[in-house]
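> sequence first, predicted coordinates after that:
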Amino acid sequence: MTFQAYLDNIETKTGITPRQFIELAHEQGFDETTKSAPIVAWLKADYGLGQGHAMALVHVITKGPQISDKHVGTGTAHSDPSNLLWLDGAATNPNR
């Protein structure tokens, strides 16, 4: 599953876009300085997310939409087409 697919699946499950999760995280006091454990605990408790999906959101909450080029365009199951994640909802993603 690609990084973007994780984010799209989270939106499907919760109805909340990644950008909205960033805003909700900031309301909880989480930002780029927060360690992953409290964010993961919050996402699991309040939204029923599993570890992998929660960690995908931890990345965008603490590091933004930029991902490593490591898996971009590799042609593998985890290959994203871009190193920039779309955070504004799957339905509005111009790359779909």
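Cool, the structure landed. Numbers count the residues shown, from 1 in each chain.
> buried sites along stretch 67-78?
Buried residues in stretch 67-78, counted by 16 or more other Cβ atoms under 10 Å: I67. For every residue, glycine as well, the C-beta is placed using N, CA and C.
> and the end-to-end length of that stretch?
Length of stretch 67-78, first residue to last, Cα to Cα, to the nearest Å: 12 Å.
> please state the offset of it from the chain centre?
16 Å (Cα atoms, centre = their mean, to the nearest Å).
> pull the residues that contact that stretch.
For stretch 67-78, the surrounding residues in contact (Cβ atoms under 8 Å, 6 or more residues apart in numbering) are 1-3, 59, 79-85.
> quick one, which of those residues are buried?
Those of these that meet the buried threshold are 2-3, 59, 80, 85, by 16+ other Cβ under 10 Å.
> let me have the residues you listed in TSV, adding pLDDT, distance to N93 and secondary structure as columns.
TSV is the format used below for those (pLDDT from 0 to 100; distance: Cβ to Cβ, whole Å; DSSP: H, G, I helix; E, B strand; the rest coil):
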residue	pLDDT	distance to N93	secondary structure
T2	90	12	coil
F3	91	13	helix
H59	96	17	helix
D80	89	12	strand
L85	95	10	coil
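> host element of the residue positioned nearest the centre of the chain?
The centroid of the chain falls nearest to L57 when counting by Cα atoms, centre = their mean (3.4 Å). Secondary structure assigned from DSSP states H and E places L57 in helix 51-63.
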